[in-house]
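Trainee: Below: sequence and its predicted model.
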Amino acid sequence: MDAVGPLSDDGLIRLLNHTGEREEHEFFSPYAADLTPEKLREFYRSMALTRAFDMEATSLQRQGELGLWVQSWGQEAAQVGSGAVVRGDDYVFPSYREHAVALQRGVDLPQMLKIFRGLKHGAWNPADHNFHLYTLVIGAHTLHATGYAMGMDRDGLVASGDPTRDAAVITYFGDGATAQGDVNEALVFASVYNAPVVFFCQNNQFAISEPTTRQARVPLAERGKGVGMPSIRVDGNDVIASYAVTNWAMQYARSGAGPVFIEAFTYRMGAHTTSDDPTRYRTKADEAYWAERDPISRLVAYLQSIGELPDEFVDEVAAEGKELARRTREEVRSWEPGPNVGMFENVYAAPHATVEAERAWYERFERSFVEAH
């Protein structure tokens, strides 16, 4: 085949290489021109706090406090760079791994763990953050994102003539989700209806235990081209490039030009979930190679090279991360399960006859045990 293989890094937009040296791109560099040292330090803070939270949640699952956990370890740059572009009126539809984006949207991270402890369908109000609940059904949320974007367009929230008022949708999913029919349908609908939505695919190179090479013969960004939307491959471990590419894409969508597909080429340093054993399908050499391309270390090297990462700031972030981990640990261990009937709450926005009937049946079922004794 003449096409670039899906595991190749050829053609990736990159503005910060893996040793922390800046690179320039004629088209995309201007879209990162507003990144002051202060903003880059905030990127570092967001990535470091997300990782501290991530590691604490993993430990809690190993201790039996959570039923499951989904790490974002290694994917922080793709999330922080893209999430920093999202404005107040934009809307985010995540999958289940976008912890850094949730942090940037003001979601209290420990509360997210109620889903993984089996206490809530979701523990934050999406309307308060324009950040939807996590979707555990692979790829289903891309259709929700497309429909929401179409509604925004019809409500006059796109291409209004005032760029400061215009808004768009961004939806996150992994490389494995691109094999789902829902994602294909979302791409088709978005393209045909010119929906203001950015499809942000975090290609972490494994769909659970299957490498991307067993899912696609060409780069995943080609999926977007196949339905007629601009498609970009970006180095997902480069927070500056992730910001620049998403900045352009969101401006493009907000202007009414239509949808964009971004493939952020990154690497999942941890397991798919805490139920997974990645040693069964990847090598130590691969992990070592990607550890040298760690997104946080890359940004640290750059900020240090320009003298913009004071030791006291690093110490402050480290202390903040420890405090977040402590608070997360204590909150999770303090939670008590509610009544089982709570599973029927907040299934739909309005009362639903089928859910109410199932709730009534379950209440009778529970009472039968009491009555039997």
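Mentor: Done, it's in.
Trainee: chain center to whichever strand or helix holds residue 328, what's the gap?
Mentor: Counting by DSSP states H and E, the element that carries residue 328 is helix 311-334. Between the centre of helix 311-334 and the centre of its chain there are 22 Å (C-alpha atoms, centre = their mean, to the nearest Å).
Trainee: Which positions in that helix come out as buried?
Mentor: By 16 or more other C-beta atoms under 10 Å, the buried positions in helix 311-334 come out as 314, 317, 321, 324-325, 328-329, 332. Placement of C-beta: from N, CA and C, glycine included.
Trainee: Would you format these as JSON lines with distance to residue 214 included?
Mentor: Shown next, in JSON lines, are the buried residues of helix 311-334 (distance: C-beta to C-beta, whole Å):
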{"residue": "314", "distance to residue 214": "40"}
{"residue": "317", "distance to residue 214": "39"}
{"residue": "321", "distance to residue 214": "36"}
{"residue": "324", "distance to residue 214": "37"}
{"residue": "325", "distance to residue 214": "36"}
{"residue": "328", "distance to residue 214": "36"}
{"residue": "329", "distance to residue 214": "38"}
{"residue": "332", "distance to residue 214": "36"}
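Trainee: Pick the one among the residues you listed closest to residue 112.
Mentor: residue 328 (9.6 Å; C-beta to C-beta).
Trainee: Would you agree the closest one is in contact with residue 113?
Mentor: Yes - at 7.1 Å, residue 328 counts as touching residue 113 under the criterion of C-beta atoms under 8 Å.
Trainee: Mutual contacts of these two, please.
Mentor: Counting by C-beta atoms under 8 Å, 6 or more residues apart in numbering, the contacts common to residue 328 and residue 113 are 57, 60.
Trainee: From residue 158, how far off is residue 195?
Mentor: According to C-beta to C-beta, to the nearest Å, residue 195 and residue 158 sit 9 Å apart.
Trainee: Going by residue numbers, what spans are strands in this structure?
Mentor: Using DSSP state E, the strands of the chain run over 91-93, 169-174, 197-203, 206-207, 210-211, 231-235, 260-265.
Trainee: a markdown table please, covering these and showing distance to residue 305.
Mentor: Listed next are the strands of the chain as a markdown table, based on distance: least, C-beta to C-beta, whole Å:
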| stretch | distance to residue 305 |
| --- | --- |
| strand 91-93 | 32 |
| strand 169-174 | 30 |
| strand 197-203 | 27 |
| strand 206-207 | 32 |
| strand 210-211 | 34 |
| strand 231-235 | 18 |
| strand 260-265 | 24 |
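Trainee: residue nearest the centroid of this protein?
Mentor: The chain has residue 98 as the residue nearest its centroid, 2.8 Å off, counting by C-alpha atoms, centre = their mean.
Trainee: That one and residue 202: what is the separation?
Mentor: Separation of residue 98 from residue 202 (C-beta to C-beta): 8 Å.
Trainee: Now for the two: what residues contact both?
Mentor: Common neighbours of residue 98 and residue 202 are listed as 79, 172 (criterion: C-beta under 8 Å, 6+ apart).
Trainee: rewinding a little: other SSEs contacting the helix holding residue 328?
Mentor: The contact analysis (3 or more C-beta pairs under 8 Å, 6 or more residues apart in numbering; DSSP states H and E) places helix 311-334 against helix 37-62, helix 109-116.
Trainee: ok so, going back, partner residues bridging the residue nearest to the residue nearest to the centre of the chain when sequence neighbours are not counted?
Mentor: Of all residues not flanking residue 98 in the chain, residue 172 sits nearest, at 5.0 Å (C-beta to C-beta, 6 or more residues apart in numbering). For residue 172, the beta-bridge assignment (DSSP bridges) gives partners residue 200.
Trainee: which residues sit in contact with residue 172?
Mentor: 79, 82, 92-95, 97-98, 101, 200, 202.
Trainee: next one: residue 156
Mentor: Counting by C-beta under 8 Å, 6+ apart, residue 156 has no contacts.
Trainee: Check the gap between it and residue 162 for me.
Mentor: In terms of C-beta to C-beta, residue 156 sits 11 Å off from residue 162.
Trainee: For the spatially closest residue to residue 197 that is not a sequence neighbour, report the pLDDT, please.
Mentor: Spatial nearest neighbour of residue 197, excluding adjacent residues (C-beta to C-beta, 6+ apart): residue 149 at 3.9 Å. Per-residue confidence (pLDDT) for residue 149: 98.
Trainee: again with residue 121
Mentor: Looking at residue 121, its pLDDT is 87.
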